[in-house]
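K.L.:
Kindly return the folded structure for what I paste below:
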Amino acid sequence: MTAILRDARQAAAPTNGARIHETADVSDSAVIGDGARIWHDVQVREHARIGANCIIGKGAYIDANVTIGANCKIQNYALVYSGATLGDGVFIGPAAILTNDRYPRAITPAGEMKRAEDWDHGKIVIEDGAAIGAGAVLVTDIRIGRFATIGAGSVVTHDVPAHALMIGSPAYQCGWVCGCGRPMTAGATCPTCGDSIEGAKS
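P.N.:
Alright, predicted model coming up:
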């Protein structure tokens, strides 16, 4: 059955061609870029910013104050929590999680439920063109470099350099990737796209 899309709310995306599925829950204070597509059962929280031409897949969660650049693809059921900033052209795979608290607790030491002001949110920065594989977990207070690739199911606990290929839990660097995502070795040129990585090591 063809998906039914409705025009984006005037407050979120004024006359810019963005489309939001009728089942999505998008805050009136969110900013939705030109041509963005927001699909079934997505939730976009207050003051989130989604760039032009982004695709937000079914069931994804975009928390308050998250910033997503242009031409990003957030796959089904990905969770992007507050404190995350994504550059342009970032890929977030299905069910990947961008966390925001290294010391999570539901209650205070006194046993009281934590309030919003009790949370000490960290930050995740993902630079242009990076890709986060399906089911990967990014622990907060890290930066993922340009065109880096995080393998499916990896758990990233520290900064990742540009063009690095990371796998495992905890994730470790096992190689380098070019702009099109193919593995590369030191000093090589990608036969697919012709890219090379300055300073890459084998």
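
K.L.:
Low-confidence bits of the protein, can you list those?
P.N.:
1-15, 186, 198-202 (pLDDT under 70).

K.L.:
how about the helices in it?
P.N.:
Using DSSP state H, the chain contains no helices.

K.L.:
what residue lies at the spatial centre of it?
P.N.:
Centrality entry for the chain: nearest residue to the mean C-alpha point is residue 92, 4.7 Å, by CA atoms, centre = their mean.

K.L.:
Identify the residues contacting that one.
P.N.:
Residues in contact with residue 92 (CB atoms under 8 Å, 6 or more residues apart in numbering) are 72-75, 78, 80, 86, 98, 132. No exception for glycine: its C-beta is placed from N, CA and C like everyone else's.

K.L.:
One more: residue 166?
P.N.:
148-151, 154, 156, 160, 172-174.

K.L.:
ok, now residue 183?
P.N.:
Counting by CB under 8 Å, 6+ apart, residue 183 has contacts 165, 175-177.

K.L.:
about what we covered before: what sits opposite the residue nearest to the centre of the chain in the beta ladder?
P.N.:
residue 74, residue 132 (DSSP bridges).

K.L.:
re earlier: of all the contacts of residue 92, which comes closest to residue 126?
P.N.:
residue 86 (4.8 Å; CB to CB).

K.L.:
Run through who's touching the strand with the most length in the chain.
P.N.:
Criterion DSSP state E: the longest strand present in the chain is strand 172-177. The contact list for strand 172-177 (CB under 8 Å, 6+ apart) reads 147-149, 160-161, 163-168, 183-186, 197, 200-201.

K.L.:
Which of these fall within strands?
P.N.:
Reading strands off the contacts of strand 172-177 with DSSP E, I get 149, 164-167, 183-184.

K.L.:
Buried among those residues? Make that a PyMOL selection.
P.N.:
Buried residues within these, by 16 or more other CB atoms under 10 Å, are selected in PyMOL with:
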select buried, resi 149+164+165+166+167+184
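
K.L.:
Please identify which pair of the ones in strands among the contacts of strand 172-177 lies farthest apart.
P.N.:
Based on CB to CB, the longest span within the ones in strands among the contacts of strand 172-177 runs between 167 and 184 and measures 15.4 Å.

K.L.:
Can you give me the end-to-end span of stretch 23-33?
P.N.:
With CA to CA, to the nearest Å as the measure, stretch 23-33 spans 19 Å from end to end.

K.L.:
Report the buried residues of that stretch.
P.N.:
So for stretch 23-33, counting by 16+ other CB under 10 Å, buried means 24, 26-27, 30-33.

K.L.:
thinking again about what came up before, out of the contacts of residue 92, which one sits closest to residue 121?
P.N.:
Ranked by distance to residue 121 (CB to CB), the contacts of residue 92 are led by residue 98 at 11.6 Å.

K.L.:
Wait, residue 77 touches residue 42, no?
P.N.:
No - counting by CB atoms under 8 Å, residue 77 sits too far from residue 42 to count as a contact (9.9 Å).

K.L.:
What is the most widely separated pair among the contacts of residue 92?
P.N.:
Counting by CB to CB, the most remote pair of the contacts of residue 92 is 73 and 98, 14.4 Å apart.
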